[in-house]
Every structure is written in structure tokens, then in C-alpha cells.
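J.: I would like to see how this sequence folds:
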Amino acid sequence: MSRFLLITADSAFEHKVRLATAAGLPGETLAVKPELLTQPTDLLDLLSVQQPEVLVFGPGMALDSALRLAQIADVRFPNLSMVLVAPEDSGIALAAMRAGVRDVIEPTADIPSVRLLLERACQAFASRHRAEHTQSAAPAKQEHGLVIGVFSPKGGVGKTTIASNIAVGLGKMAPMGVVLVDLDLQFGDVASNLYLNPEYSVRDAVSSSASSDTMVLKAFLTPHPSGIYALCAPSNPADADSISADQLGALIKQLSAEFPYVVLDTGPGLTEHSLAALEQCTDAVWVTGMDVPSVRGLRSGLDVLGKLNLIPETRHVVLNFADSKTGLSVQDIEATLGAPVDVSIPRSRALSLATNRGVPLLQEEVRDPATKNLRGLVQRFNPEWRASSQRKSHRRVVIR
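T.: Okay, the predicted model is just below:
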């Protein structure tokens, strides 16, 4: 049995793959010449015997043949992660995604890039294999993932920082099973918080081609080194006007059918887009700063949403920038909100530094009180915590 199966006639690329896997990726690599696979059944038999995690269609193989074999392999072995090696200007990326290929890489890619791609492919295989095992053991199948919306009527409370850390934290529980969506369509900061330069945005994801084909939609997601996907806001604020609330609602439904966790970073205020997102949420994370305007703004927003019956049953109140020197106490904030604070995130230099670097605190697991508290917030979306909370009334968990 081999962990990596490489089909190529290029000995130089084969050597590159072997060097990449030798640098921290355990498991055997089996290389096969394309001419040995004269029939699709030859590949299927080989996959049945070797049971690899990653299948690489390398240089020297006709692209149309690679896509045809990928489509067949995807049906028989849905957990398999497939990678296609093709020039960037071949224009084959979309067809490859539709055939079930996870990633496309250039033949000239260096060894570190190949290693990173193979590592992500292994993580995707592990995630799908774990999800399949969990579903087979569970008495009932959950058809859609959790949709976690992070909201605040007022800006400047660290909402994007919290959403990014939730997504990265969940990515450790479900590698490649998390997508973070920036719904602050005019001035979203998810790209900068994750130090990404995305090629595509939410505008592409709501296009007719993406909404009608999930493989096209996945091609518009940007992978992040932490093992999650991001769907960032448009770079041009004017593009927000071309995205309707109905399109966002459909996008969220589409993503939740494919990913165990969808994290939504919404814009400030109760806009049409935010309300459309809220309607799709299984969980709402309400964020407030430790200042009177933020707390009063959240209270007013909750009152309005309560009258509209738009507050999800599972909610989590997060107090950010917690600081005993502000003149307010947690008890003051709870009294104003009429609800308990579930998680308190202390004011933290490490958290500010991580945000400015574009590396979420939970990505590097920096030793800091804020790290512990953010982990506590992420654990509230753990199936075990949720099962426990369902057996009780909503419990108060204040992590200090």
C-alpha cells in the first residue's frame, strides 16, 4: 500500500515529488507510467490494491485522459484527494474541479510548494475519511453543517478577529472542512486578517455558474495555510451593490451543504445582507466591546431582532477587550444586555500583534490568556459540547 500514487512519464518531476514527501510526509510513493494504464479499470484496480490518500496526475499524461480517469476515480473513491499537474495557461482548472480534482499545480513548482500541496491533500483525505466514519457511526446524518454568524451592530469591536480565530480553531478540528465568508462586502478585512491575496471573491461565488455547480463554487475559494478556506469580500466596494440578499442566502445554503462549518463575518449594523445571513445561521456569536456605546448598540440590536424573531436558538455572547479598568464590570454588561456573557476575551497585546501580522492567534497557539479564551469559544461548536448543552438549559460559561 502506498500513501501517494503518481502517474507520470517525467522522471524529474517524480524525483521532485519524492523529495517533497521525504520532507515531513510519511508514507510510500508509487510512481506508474501512463502507458501502463490502457483502460480505466487498470487505474481502478491499482487504487483498490494500493488504497492511496493522494493521486497525482503528473507531466507526460494527456490532460483529457487525466480528467476522464479523475472523473471515474472520483465516483469509485470519493475520499481520494486528486492533484493535476498542468501549465497555468492551460485553462483546465475549471474542468479539473468538475472532474473531482482538488488542486492544480504547475510542472515548474518548487519542492516546498509541492510538499505543501500534498500535505493539504492528505488533510482533505483525513477530513473526509473521518467525516465518513462519524456519519456511519451516527444514528442520524446531519445534512448541513453549522452556520456560525459573527455579528455586532457597531464596528470596531474586533468582530473579524474573532471570526478568523473561530474559523482557524475549527480548522484544527475539521481540516479543510471550514470556510470563512466575509460578508462585510464593502470594507471586509478577512483577507488582511489571514494575510491572503485572493483571486476570487463573494461576487464570483454568487455568479450563475457557481450557484448552479458546486465544483465551480469551490474553485472560487481561497485555501489558507491553517487548513481552512476563505471567501473574501470584493476588492472594489462598489461591487457590493451587485450582490443581493437572496444571492447570499443561497450561497450560504450551498456552502453549508458541502462544509461541516461555515463561519460568517458580517458587516456592522443590521443591513439587508446581515439579516439574510442571520436567517441561515444555526449559531449567532454576538460581539460587544467593554464600552457603553457597544453594549447599548448590541442591546438595541437584540431587541429589534427579537421582535423580528430572527435570533437563532443557539447564541453566544462574547465580550471583547475585557478590561477591569474601563469602569464597567461583566455584571454591568449582563444587566444591560439582559443576557449572560458566555466568553470574555481580555485585552491582549498578543492578539493585536497577531491581527496586524495577518496570523490569527489560534494559528500559532501563542501562550496568552486570550488564546485560552478563544479556544473556549471554539469548543462551544464541538459536537460533544453541543450535545451536553442540549441536555441542559442554556448555561453560562464565562472564561476569564
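J.: Quote the end-to-end distance of stretch 172-182.
T.: 20 Å (C-alpha to C-alpha, to the nearest Å).
J.: and that stretch, what's its mean pLDDT?
T.: In this model, stretch 172-182 has a mean pLDDT of 91.
J.: Would you pull up how far it lies from the middle of the chain?
T.: 2 Å (C-alpha atoms, centre = their mean, to the nearest Å).
J.: repeat for stretch 342-349
T.: Offset of stretch 342-349 from its chain centre (C-alpha atoms, centre = their mean): 23 Å.
J.: Identify all contacting residues around that stretch.
T.: 158, 162, 316-323, 330, 351, 361, 368-370, 373-374, 376-377, 380, 396-400 (C-beta atoms under 8 Å, 6 or more residues apart in numbering). To be clear about C-beta, it is placed using only N, CA and C from the backbone, and glycine gets the same treatment.
J.: Can you list the buried residues in it?
T.: Asp342, Val343, Ser344, Ile345, Pro346, Arg347, Ser348 (16 or more other C-beta atoms under 10 Å).
J.: What ranges does the stretch 201-350 of the chain have for its strands?
T.: For the stretch 201-350 of the chain, the strands defined by DSSP state E, counting those that start in this stretch occupy 222-224, 228-231, 261-266, 283-288, 314-322, 343-346.
J.: Just say which of these is most tucked in.
T.: For the strands of the stretch 201-350 of the chain, the largest average neighbour count (mean count of other C-beta atoms under 10 Å) is found in strand 261-266, namely a mean of 29.
J.: counting contacts, what elements does that strand pack onto?
T.: With contacts taken as 3 or more C-beta pairs under 8 Å, 6 or more residues apart in numbering; DSSP states H and E, strand 261-266 sits against strand 146-151, helix 159-173, strand 178-183, helix 245-256, helix 272-280.
J.: Please put the alpha-carbon coordinates of that strand into PDB.
T.: Written as PDB, here are the backbone C-alpha positions of strand 261-266 (Å, rounded to 0.1, in the frame of the first residue of the first chain):
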ATOM      1  CA  TYR A 261     -18.600  24.600   9.400                       C
ATOM      2  CA  VAL A 262     -19.400  27.800   7.700                       C
ATOM      3  CA  VAL A 263     -18.300  31.000   9.600                       C
ATOM      4  CA  LEU A 264     -19.800  34.300   8.500                       C
ATOM      5  CA  ASP A 265     -18.100  37.600   9.300                       C
ATOM      6  CA  THR A 266     -20.800  40.100   8.800                       C
END
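J.: could you check the angle helix 272-280 makes with it?
T.: Strand 261-266 and helix 272-280 are oriented at 150 degrees to each other (axes from the mean of the first three to the mean of the last three C-alpha atoms, to 10 degrees).
J.: who touches strand 261-266?
T.: Counting contacts by C-beta under 8 Å, 6+ apart, the residues outside strand 261-266 that touch it are 145-151, 159-160, 163-164, 166-167, 170, 174, 177-184, 188, 190, 252, 255-256, 273-274, 277-278, 281, 381.
J.: Same check on stretch 54-73?
T.: 3-10, 13-14, 17, 34, 37, 40, 43-44, 47, 80-86, 90, 92, 95-96, 99-101, 107, 118, 121-122, 125.
J.: Check stretch 351-365 too.
T.: With contacts defined as C-beta under 8 Å, 6+ apart, stretch 351-365 is touched by 161, 164-165, 168-169, 172, 192-196, 225-226, 345, 348, 350, 366, 368, 370-371, 374-375, 378.
J.: Pull up the distance across it, start to finish.
T.: Stretch 351-365 has an end-to-end distance of 11 Å (C-alpha to C-alpha).
J.: Buried ones in that stretch, by neighbour count?
T.: Leu351, Ala354, Thr355, Val359, Pro360, Leu361, Leu362, Gln363.
J.: which regions of this structure sit below the pLDDT cut-off?
T.: Across the chain, residues meeting the criterion (pLDDT under 70) sit at 128-143, 388-400.
J.: From the contacts of stretch 54-73, list the buried ones, please.
T.: The neighbour-count criterion (16+ other C-beta under 10 Å) marks 3-8, 10, 13-14, 17, 34, 37, 43-44, 47, 80-86, 92, 95-96, 99-101, 107, 118, 121-122, 125 among the contacts of stretch 54-73 as buried.
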